[in-house]
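Undergrad: Okay, predicted coordinates and the sequence, questions at the end:
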Amino acid sequence: MTTASRTTENRTIRRSDHTAIRYTVSGPAGGPTLALVHGWACDRSDFDAVTGHLPENYRVLAIDLAGHGESWSTRDVWTMQEFARDVAAVLESESVDSAVVAGHSLGGAVAVEVGRLLPGTVTHVIALDSLHYLSLFPVQSDEQTDAMLHTFRADFPAAVRGLVEGGSPAGTDPALIDAYFERMAAVRQPAGLRSIEGLVRWDMDAALRETRQPITVFAIRDLLAQEAIDRYADRLAIVPVELGSHHFPVEAPEATARLLAGVVEAERRRA
């Protein structure tokens with residue numbers, strides 16, 4: 001499924017005076033559209049290798065969220081809903097009338113909000129090791145939220161290290177853990193701190209109630225708790241995978257492309 005002949009182009013869409021979103025588009029304009037949204041403190045390059053393994057006829061949009069990668073913003077709002085408006089602006093700019101939206105980690109929350117924002121455009125939401133972490137995604141109490149945010153404000157690098165290690169199953173190469181930590185700890189501010197605050201304050205349960213599209217979660221088996229399965233089995237199609245760590249799209253791009261293409265093809269058959 002490799003696509004050595006796939007052509008890519010980097011584009012920018014300005015939402016307003018305060019935000020410019022950079023993204024990469026590849027594949028024919030008439031092909032099935034797949035929008036890819038990276039995780040917190042990462043960027044669209046996480047999907048470079050994945051894109052190369054997708055079918056040539058797919059229209060692939062890999063998007064840098066505001067304050068990440070090559071996108072910039074001076075805005076004051078860093079909620080999942082506002083990130084979804086970034087993605088929606090790209091879809092509108094590309095005249096997309098039907099798309100599957102896939103997000104990794106925080107990007108999974110953004111993908112849900114894109115589905116809620118564009119019910120007539122988004123046909124399926126894919127969460128890549130996202131939505132099943134009960135300490136991050138379901139709405140937390142004020143005390144829990146304040147405690148988590150305090151750890152980031154008090155010692156940002158230590159909090160980032162904790163996130164990376166928490167997403168690394170036993171046996172993960174320590175050098176890989178260090179590489180993820182160094183990259184994510186260098187996230188630009190205020191986007192880094194404000195967007196993690198936006199995530200922990202996100203009301204996932206309310207969002208799921210209002211999102212009509214099917215949602216498939218590809219979750220690292222060793223990081224998936226039975227409690228999450230029990231809580232969300234009636235709303236999320238949770239599929240355990242064994243592809244490495246929380247950052248498996250980077251570590252296993254060909255297998256990730258197969259998972260994504262499987263959902264896209266199922267939607268095409270259903271249409």
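TA: Received it, and whenever you're ready, just let me know what you need.

Undergrad: ok now do Val122, which residues does it touch?
TA: By CB atoms under 8 Å, 6 or more residues apart in numbering, the residues touching Val122 are Ala99, Val100, Val101, Val114, Gly115, Gln213. In this view, the C-beta of every residue, glycine as well, is placed from N, C-alpha and C.

Undergrad: so which helix or strand takes in the second one?
TA: Taking DSSP states H and E as the criterion, Val100 maps to strand 99-104.

Undergrad: Each with direction, which strands does that strand pair with?
TA: Applying DSSP bridges, strand 99-104 is found paired with strand 33-37 (parallel), strand 122-128 (parallel).

Undergrad: what pLDDT, on average, does the shortest one get?
TA: Rounded to a whole number, the mean pLDDT of strand 33-37 is 98.

Undergrad: ok, residues contacting it?
TA: 44, 47, 50-51, 54, 58-63, 65, 83, 87, 90-91, 94, 96, 98-104, 107-108, 110-111, 114, 260, 264.

Undergrad: what about 7 Å?
TA: Residues outside strand 33-37 that contact it (CB atoms under 7 Å, 6 or more residues apart in numbering) are 47, 58-63, 65, 87, 91, 96, 98-103, 107, 110-111, 260, 264.

Undergrad: buried set for the helix or strand just after it?
TA: Tracing the chain past strand 33-37, the next element assigned as helix or strand by DSSP H and E is helix 48-52. Using 16 or more other CB atoms under 10 Å as the test for burial, helix 48-52 gives Ala49, Val50, Thr51, Gly52.

Undergrad: and which of these is nearest to Leu163?
TA: Among the buried residues of helix 48-52, Val50 lies closest to Leu163 (CB to CB), at 21.7 Å.

Undergrad: Give me the neighbour count for Ile215.
TA: Ile215: 22 surrounding residues under other CB atoms under 10 Å.

Undergrad: from memory it sits against Asp234, does it?
TA: No - if you go by CB atoms under 7 Å, Ile215 and Asp234 don't touch, sitting 11.5 Å apart.

Undergrad: circling back to that earlier point, list the contacts of the very next helix or strand once past the strand holding Val100.
TA: The helix or strand immediately downstream of strand 99-104 is helix 106-117, counting by DSSP H and E. The contact list for helix 106-117 (CB under 7 Å, 6+ apart) reads 37-40, 65, 80-81, 83-84, 87-88, 101-103, 122, 125-128, 130-131, 137, 195, 199, 202, 204, 207-208, 210-211, 213, 215.

Undergrad: Then stretch 208-215?
TA: Against stretch 208-215 from outside (CB under 7 Å, 6+ apart): Val112, Gly115, Arg116, Pro119, Val122, Thr123, His124, Val125, Ala127, Arg235, Leu236, Ala237.

Undergrad: Apply 8 Å and report the result again.
TA: For stretch 208-215, the surrounding residues in contact (CB under 8 Å, 6+ apart) are 112, 115-116, 119, 122-127, 131, 232, 235-237.

Undergrad: Helix or strand: which one has the residue nearest to Arg188 when sequence neighbours are not counted?
TA: Excluding its sequence neighbours, the residue lying closest to Arg188 (CB to CB, 6 or more residues apart in numbering) is Gly67, at 5.6 Å. Taking DSSP H and E as the definition, one finds Gly67 inside no helix or strand.

Undergrad: Of the contacts of stretch 208-215, grab the buried ones for ChimeraX.
TA: Selection command for ChimeraX covering only the buried members of the contacts of stretch 208-215, criterion 16+ other CB under 10 Å:
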select :112,115,116,122,123,124,125,126,127,131,232,236
